[in-house]
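>>> When you get a sec, could you give me coordinates for this:
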Amino acid sequence: MRIVYQLFVTAVLVSVIQSKEWETADLNGWYKLFSIHSKVNYNLTQDVLPISYNVKLNTDFENGNVTLDGNAQININVIKSTDVITLRARNMIIKPDAHLKCDHSTIEPVISTIEPIDNVTELFKIILSNKLDVGSNCNLTFNYTRENVTSSTYMTQFTGQLLDTTHMLASYNLACDILPCPPDRTLKVSFTISIEHSKNYIALSHMEAMKVEKNSENPERVITHFAESPKMHPTKFAFLVGNFIQDNHNKNFQAFTTTTSFLNQSYVQETGINIMNALSNYTGVPYETFGLKKLKIIMGDLPIVVGGIALYGITLINTPNHVKIFANSTLDSNTVSKIELMAHEMSHQWFFSIVYRTVVEADWFLEGIPEYLSYVAVNQVQPTWRMMDQFVIYNLQYGAFESDQSIHSTHMANKDANTVKKLEIIYYKSSCIIRMISHVLGEANFKIALKNFIRSEDSGVITNAELIKELSKVYTGNINLTDAFYNWINLPGYAVINVKRDYDTGKAIITQSRFLKEMNQTSSEKYWIPINFVTEDNLNFMDTNVTHWLDPSKDSIEIDQLKKDQFVIFNKQQFGYYRVNYDIQNWNLIINYLNSKNYSRIHVLNRAQLIHDAFNLAIVGQLDYKVVLSLLTYLKQETDPIPWAVAFEAMKKIYMVVKYTDMNKYFKKYITELSENLQQEMVSDPSNETVLIMDGTKQKISKWARNLISYSESTITHQQQLINWLNDPEKNALPTENRCTILCKALNYAGQELWDRVWDQYRITNDSDLEYSLKCTKNVTIMKQYLGKLIPDNASTDQITSVFEKVVVYRDDTALLAIIDYIFEYHNKTTIVSDEFIHFLENIWKLINREIFDEPYMNKLKTLINANKVSMEQADKMIADIENKLKYYGKQLYEMKEFFEKYRTIESNNSNSRPSEVDIKNNSN
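Numbers count the residues shown, from 1 in each chain. Model (predicted):
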């Protein structure tokens, strides 16, 4: 018993992690580094002020021996008479041969002591024999060497599929690992850098390489000298040394790729130049304004833990070796996502000149503006990609709304964002708020404010007030926009506005409440909400000017002159950061119109908004599922991928509710009706560029719908291929290139007899493809029998763990349910209770709570928890959660059952139709 429960925890945890349990995990990498540093006061009063650095680095990392030595000459201005110079460094040994030379000094200073680096504050002090005179200019020179180079810089060596090896040594955002920094984080200095390295490599830094000279003492090494940089903060200092492939065709932009990458360098170069020009044009600020002649992009399998990093004049984009970025004829989702990422990191270049006035209060817009601009720029460069439409789907609906809907969500200005969810709010929500601001101001005014903000030379602290001041200057509306801005920035969550119409008077009352996924929670937050709307006889979705404001201090606003027989739709193009709910009659008017031939006159983003809002309102009990399912019926004539992308996610979640009920087959008939045109028009035209761009959406929708709808022709074909092969393997050999796929699909819905034949064949041949296919069954009974076959009598913990891990594939719930049954039945035969069993119950509760909506299995779990309440601190809460979930899904199922009644009638009139997937699963037992 102990063994069984101990190792089941492993299988459960795998599934929990795969089901986004990581979203609440602490970010143990870069976040912890910066959170620790944020607790140390680096904005110290400076007695001496560093003005410029002249740094010589010597790198060597061939054959795995990584060394990094440096010589630093720091030009210092004495502000206050002092005999102490304080600097900041990490993992660095300062050599004792340092010296200081000053002009206008009455007595030449002598360095008496260099104190060790404090591991907590990262500060070290250089003690002088006498005080420096105010106004003196001094040159501090010292040599140093790096400790633990590979842990503080980033060194990699990897071999690609062409057997080329890329070597790379890089440092970024951790400059105090490479050279001693000023302790004041807000201080900017200029750098003149030279790097000694192997002649086989290229050295890169912020500025242009002025010359590359041979090392007179070693012909295998060269020294690259860089021009002096503009003033910048040392934490943005970076260099790279590696065997890169470079493109020299443009004076302002240069692309580098690693030798192992599958990147079309000319395409990256051309696209990067176009994005840089688009950003310059949109902001009204040319890139050259920032004192850098060329922007460098390095793409490839880089040793960084994130997708991309922006440095001053340098952008790093991580593209694993298997990712291909080619030209338009072979576009795919990898290309689109990496180009958008490149644009995001490039957008940061327009803000580096202001980033280090300070940083803390500005994180939200220093990420939000570049994220928004990245979509704007790529949309201008590649308009057929429809990036602004994709922004609404992926950043607003899937990103910000889902991250920001909990009672526990945080506001954008949170300085302690230390989980994925909180960081998503900074990235996603801030970019959506910037988009809303652009609509509120009008794009032309927004661009003026953005230009003024970027060009601002104020030396004060970067705060929300600084950006809001520029935005408010161009606002021509009738409210205090500053109040609205602070409301959006400082409040967590977002609103749902409720539109309740009086069809006799032609009036509508608009109220608001905070949208929360937790139905048992309430919140007092109220928001400034910009309102606009269309009516059926005036479908002007392109004019997104704000016509009304819902003031958080007011309970409601009233809109009049609405015609009783016509719908109204609020939030044009879903420009505003809020959801919308209507009374049932208005929903029905919208549904009727969508089911007419004029459906496309409703803007595509509002079609997507209606689906997304309706479904999520139903989830939290604010709208009947019959409305959602009725709304989705218009999809039978929808061929645009944007609404389908939203509907796809909704359908998957509805399927999770109905899949273990008798409504499953009726839901599939429903999907059959809706997706018929989708199959024919959206997926069958491979020459359509939109299909290529949206392949991540369309192909998933098509594949899911085909697999879900029925016991498909492909399944029949694969089963027949398998039977033929089992009857005569030599005569009916399976094609090698997709043998495993055929076997797996054949066993998805196979009956016991066919599955047993494959099992017998596997025992004879030990064929790995057969072994994999056996766990492809969608039949829980067969899967449970499979567990019994795999787990020997008196199995060890390791053996049983291995079995559970084998059968859990891609979060497939068949295996998970079979494991639950296996454990439940085993538990019924024993009275042993262990810590491992308690741990199992807690984790399986999380799993079912998140992934499985099946009443019998939830009741099984409830029984197990009840039997072990004494040993479980959270038992009462867990049981209450299960009961609430059963009650909640019972309501959902009741609403859906009413809608699907017509399909039950159709079935009774067509009793001879081919069996659905559910029928086959039942018949296979």
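>>> Quick check: residue 540 is in a helix.
No: per DSSP: H, G, I helix; E, B strand; the rest coil, residue 540 lies outside any helix segment and is coil.
>>> Show the backbone phi and psi for residue 49.
For residue 49, the backbone dihedrals (degrees, to the nearest 10) come out as phi -120, psi 110.
>>> So what's the residue count around it?
Around residue 49 there are 15 other residues, counting by other Cβ atoms under 10 Å. Backbone N, C-alpha and C define where each C-beta goes, glycine included.
>>> Skipping its backbone neighbours, what lies nearest it in space?
Nearest non-adjacent residue to residue 49, counting by Cβ to Cβ, 6 or more residues apart in numbering: residue 77, 4.6 Å away.
>>> Over to the one you found. Which of the three states is it?
Assignment for residue 77 (three-state DSSP): strand.
>>> OK, contacts around the residue nearest to residue 48 when sequence neighbours are not counted?
Nearest non-adjacent residue to residue 48, counting by Cβ to Cβ, 6+ apart: residue 76, 4.8 Å away. Applying Cβ atoms under 8 Å, 6 or more residues apart in numbering, we find residue 76 in contact with 48-51, 85, 137-140.
>>> ok, of those residues, which one's closest to residue 334?
Ranked by distance to residue 334 (Cβ to Cβ), these are led by residue 50 at 43.5 Å.
>>> one step back: what about the residue nearest to residue 49, how many residues nearby?
By other Cβ under 10 Å, the residues close to residue 77 number 14.
>>> May I see the contacts of residue 76 arranged in CSV, with pLDDT, secondary structure and distance to residue 123 as well?
Output for the contacts of residue 76, formatted as CSV (pLDDT from 0 to 100; DSSP: H, G, I helix; E, B strand; the rest coil; distance: Cβ to Cβ, whole Å):
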residue, pLDDT, secondary structure, distance to residue 123
48, 90, strand, 14
49, 89, strand, 16
50, 90, strand, 14
51, 91, strand, 20
85, 92, strand, 11
137, 92, strand, 23
138, 92, strand, 19
139, 93, strand, 21
140, 94, strand, 15
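>>> Which ChimeraX command selects the buried ones in those residues?
Only the buried entries of the contacts of residue 76 go into this ChimeraX selection, using 16 or more other Cβ atoms under 10 Å:
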select :48,50,51,85,138,140
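>>> Now distance to residue 734 too, for the contacts of residue 76, in a markdown table please.
Below are the contacts of residue 76 laid out as a markdown table (distance: Cβ to Cβ, whole Å):
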| residue | distance to residue 734 |
| --- | --- |
| 48 | 76 |
| 49 | 75 |
| 50 | 70 |
| 51 | 73 |
| 85 | 75 |
| 137 | 80 |
| 138 | 79 |
| 139 | 76 |
| 140 | 73 |
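>>> mind saving the C-alpha coords of the helix or strand encompassing residue 276 as CSV?
Assessed by DSSP states H and E, residue 276 sits inside helix 265-283. This file holds the C-alpha atoms of helix 265-283, laid out as CSV (Å, rounded to 0.1, in the frame of the first residue of the first chain):
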residue,chain,number,x,y,z
GLN,A,265,19.6,35.3,-42.4
SER,A,266,18.7,37.5,-45.3
TYR,A,267,15.0,37.2,-44.2
VAL,A,268,15.9,38.1,-40.6
GLN,A,269,18.0,41.0,-41.9
GLU,A,270,15.3,42.4,-44.2
THR,A,271,12.5,42.0,-41.6
GLY,A,272,14.6,43.5,-38.9
ILE,A,273,15.4,46.6,-41.0
ASN,A,274,11.7,47.0,-41.8
ILE,A,275,10.7,46.7,-38.1
MET,A,276,13.3,49.3,-37.1
ASN,A,277,12.0,51.7,-39.7
ALA,A,278,8.4,51.0,-38.6
LEU,A,279,9.3,51.8,-35.0
SER,A,280,11.1,55.0,-36.0
ASN,A,281,8.1,56.1,-38.1
TYR,A,282,5.5,55.3,-35.5
THR,A,283,7.3,57.0,-32.5
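>>> so what does that helix touch, helix or strand wise?
Here helix 265-283 touches strand 253-258, strand 295-300, helix 333-347, helix 363-381, helix 443-455, going by 3 or more Cβ pairs under 8 Å, 6 or more residues apart in numbering; DSSP states H and E.
>>> nearest to residue 425, of these?
Ranking the helices and strands packed on helix 265-283 by proximity to residue 425 (Cβ to Cβ) places helix 363-381 first, at 8.6 Å.
>>> any idea which helix or strand comes after that closest one?
Sequence order places helix 387-390 as the next helix or strand after helix 363-381, per DSSP H and E.
>>> Out of the contacts of residue 76, which is nearest to residue 671?
Ranked by distance to residue 671 (Cβ to Cβ), the contacts of residue 76 are led by residue 50 at 65.9 Å.
>>> ok, now which ones touch the closest one?
Here residue 50 is in contact with 74-76, 182, 187, 189 (Cβ under 8 Å, 6+ apart).
>>> pLDDT weak spots in the stretch 151-300 of the chain?
For the stretch 151-300 of the chain, the stretches with pLDDT under 70 are 151-175, 185-186, 235, 248-249, 259-263.
>>> mind listing the strands for it?
For the stretch 151-300 of the chain, the strands defined by DSSP state E, counting those that start in this stretch occupy 154-159, 165-171, 190-198, 202-204, 209-215, 218-226, 239-242, 244-246, 253-258, 262-263, 295-300.
>>> Would you list the strands that the third one pairs with, along with their directions?
When pairing is defined by DSSP bridges, strand 190-198 lines up against strand 48-60 (parallel), strand 218-226 (antiparallel).
>>> Could you check the angle the longest one makes with strand 209-215?
In terms of direction (axes from the mean of the first three to the mean of the last three Cα atoms, to 10 degrees), strand 48-60 departs from strand 209-215 by 50 degrees.
>>> Against residue 882, how distant is residue 864?
11 Å (Cβ to Cβ, to the nearest Å).
>>> What of residue 569?
Separation of residue 569 from residue 882 (Cβ to Cβ): 39 Å.
>>> Between those two, which is the more surrounded one?
residue 569 (25 against 18).
>>> And the residue nearest to the more buried one when sequence neighbours are not counted, its phi and psi?
Leaving aside its chain neighbours, residue 569 sits nearest to residue 534 (5.3 Å; criterion: Cβ to Cβ, 6+ apart). Main-chain torsions, residue 534, degrees, to the nearest 10: phi -120, psi 160.
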